[in-house]
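Undergrad: A predicted structure for the sequence below; I have some questions about it.
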Amino acid sequence: MTEIVFPNDANPLGNAMGGRVMHWIDICAAVAAGRHARTPVVTASADQIDFHNPVPVGAVVVLLASVNFAGRTSMEVGVKVWMEDRQSGARKHVASAYLTFVSLDPTTKAPRPVPPILPQTDDEKRRFESAKARRAHRLSLRR
């Protein structure tokens with residue numbers, strides 16, 4: 001997903017508000033989760049979001065999302081946010097986050113099973129295993 005930071009997205013310092021970046025992260029992650037599940041999805045949780053660099057008005061923001069793990073009805077989606085220099089194309093890391101989405105049946109609105117994640121590449125396998133560990137940690141906090 002790609003966005004441009006407009007003045008109405010900015011704080012008094014002329015940089016994108018953190019809340020606006022969080023909004024974009026949620027949308028980008030929801031699109032990825034919905035495409036994987038092929039159902040409506042809702043945000044169940046968002047892990048810690050750390051901001052690494054400010055994004056000035058006029059900058060291009062690039063968000064990359066991947067579904068890292070799927071449980072029975074929920075999915076973890078990772079989103080990485082970059083600021084892209086218009087002239088060189090060079091990117092600076094802005095933020096990263098992990099969000100959990102639940103798939104919903106369009107008629108009953110009840111949680112609905114999602115397809116499993118079948119990691120193929122080394123990177124997909126790494127993300128899958130890391131997501132499994134984060135899921136186990138999140139579940140331990142609920143107990």
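TA: Arrived safely, thanks for sending.
Undergrad: Tell me who's in contact with T2.
TA: Residues in contact with T2, defined by CB atoms under 8 Å, 6 or more residues apart in numbering, are V60, V61, V62, L63. Where C-beta positions appear, they are placed from N, C-alpha and C, glycine not excepted.
Undergrad: nearest to A29, of the residues you listed?
TA: L63 (8.6 Å; CB to CB).
Undergrad: Spit out the contact partners of that closest one.
TA: L63 is in contact with M1, T2, E3, W24, I25, C28, V79, K80, V81, W82, counting by CB under 8 Å, 6+ apart.
Undergrad: State the distance from it to M83.
TA: Per CB to CB, to the nearest Å, L63 is found 11 Å from M83.
Undergrad: Put the buried members of the contacts of T2 into a ChimeraX selection.
TA: To isolate the buried ones among the contacts of T2 in ChimeraX, judged by 16 or more other CB atoms under 10 Å, type:
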select :60,61,63
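Undergrad: what's the closest of the contacts of T2 to S74?
TA: L63 (20.9 Å).
Undergrad: show me where the protein has strands.
TA: 2-4, 41-46, 50-51, 60-70, 74-84, 91-103 (DSSP state E).
Undergrad: R127 is nearest to which of the ones you listed?
TA: Of those, the one closest to R127 (CB to CB) turns out to be strand 60-70, at 4.3 Å.
Undergrad: Check the gap between V57 and F69 for me.
TA: Counting by CB to CB, the gap from V57 to F69 is 36 Å.
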